[in-house]
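S.K.: Here is the input, now give the coordinates:
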Amino acid sequence: MQLNKYDLNWCVRRLPYAVRSMLKKESVIVAGGYIRACILNEPINDVDLFVSDKEMAKEYALRMVQREEKRLIITDNAITIKGMKYPVQFITRWTYETPEQILGSFDFTICQACFWWEKHPNILTAPENDLPGKWCSSVSESFYQDLSAKRLIYTNPIREEEAGGSMLRVLKYYQKGYRITIDSFAAVITRLAAGVEYDDRITDIHGNLFPDQFHKIIRGLLHEVDPNIDPDHIIEDARVEEDDENS
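M.R.: Numbering: from 1, shown residues only. Predicted coordinates:
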């Protein structure tokens, strides 16, 4: 399936010029939340760009800022470009060869959309009135249905990620009015629980859980994924109190 042609055109038009220009020259794909935000007229947080090679991601980013490396924020997960209409980031934690691989990596169907510029296979032999290329797109089968219903369907993606990442995204989507099915919520919880190391800190010799300790570890996992969920440092204050009690 593809994006509706009007949605695709709108997504392309709202890209920063430097991104749109770069897409026409290189094998880079736009995917994820930017597309969802454009279609629903939600605020755009950032533009995620996907490539097949981490080294090329940095080269593309440098070209976009005229090699001013100080405008780049480089982390283990992404290379973010500062100073554009929206933050633009090349995702480097995961690299993919095809649009299908990118769609399969998203944890919720409402993010399974992408688009890219496809060059004409042979510009030299193209008809005189033919374009040098065209904008192409791909979406999952339930993308539009789930997006219109503001419904979260978990995809159980096979990828390396922090335990709790999807759970935090559920919380963020809930704040935007989305709802999640029971089956999907159970799958998200299962993913989170599977990321916990079950040792003697949280279980007794019979393998029974200590609820309080389990709660603290889950809380810590969520905080590590996104410290912004605790801007008032309630979790950190609680940790200090625990340390004082144990000292």
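S.K.: Where does pLDDT dip in the protein?
M.R.: Where the chain drops to pLDDT under 70, the residues are 121-131, 161-163, 195-247.
S.K.: Could you chop this structure up by domain?
M.R.: Under the assignment automatic domain parsing, the domains of the chain span 5-141, 165-246.
S.K.: most packed of the ones you listed?
M.R.: Of all the domains of the chain, domain 5-141 has the most neighbours on average by mean count of other Cβ atoms under 10 Å, namely a mean of 17. For every residue, glycine as well, the C-beta is placed using N, CA and C.
S.K.: distance between the ends of that one?
M.R.: Taking Cα to Cα, to the nearest Å, the first and last residues of domain 5-141 lie 16 Å apart.
S.K.: need the domains of the chain in TSV with distance to Tyr154, can you?
M.R.: Formatted as TSV, these follow (distance: least, Cβ to Cβ, whole Å):
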stretch	distance to Tyr154
domain 5-141	6
domain 165-246	4
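S.K.: show me the contacts for Arg179.
M.R.: Residues in contact with Arg179 (Cβ atoms under 8 Å, 6 or more residues apart in numbering) are Lys150, Arg151, Leu152.
S.K.: And the helices in this protein, which stretches?
M.R.: 5-13, 17-23, 33-40, 54-64, 99-105, 143-149, 165-175, 182-194, 211-225, 234-246 (DSSP state H).
S.K.: Turn these into a markdown table, including distance to Glu118.
M.R.: Formatted as a markdown table, the helices of the chain follow (distance: least, Cβ to Cβ, whole Å):
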| stretch | distance to Glu118 |
| --- | --- |
| helix 5-13 | 12 |
| helix 17-23 | 10 |
| helix 33-40 | 17 |
| helix 54-64 | 17 |
| helix 99-105 | 10 |
| helix 143-149 | 20 |
| helix 165-175 | 30 |
| helix 182-194 | 33 |
| helix 211-225 | 35 |
| helix 234-246 | 47 |
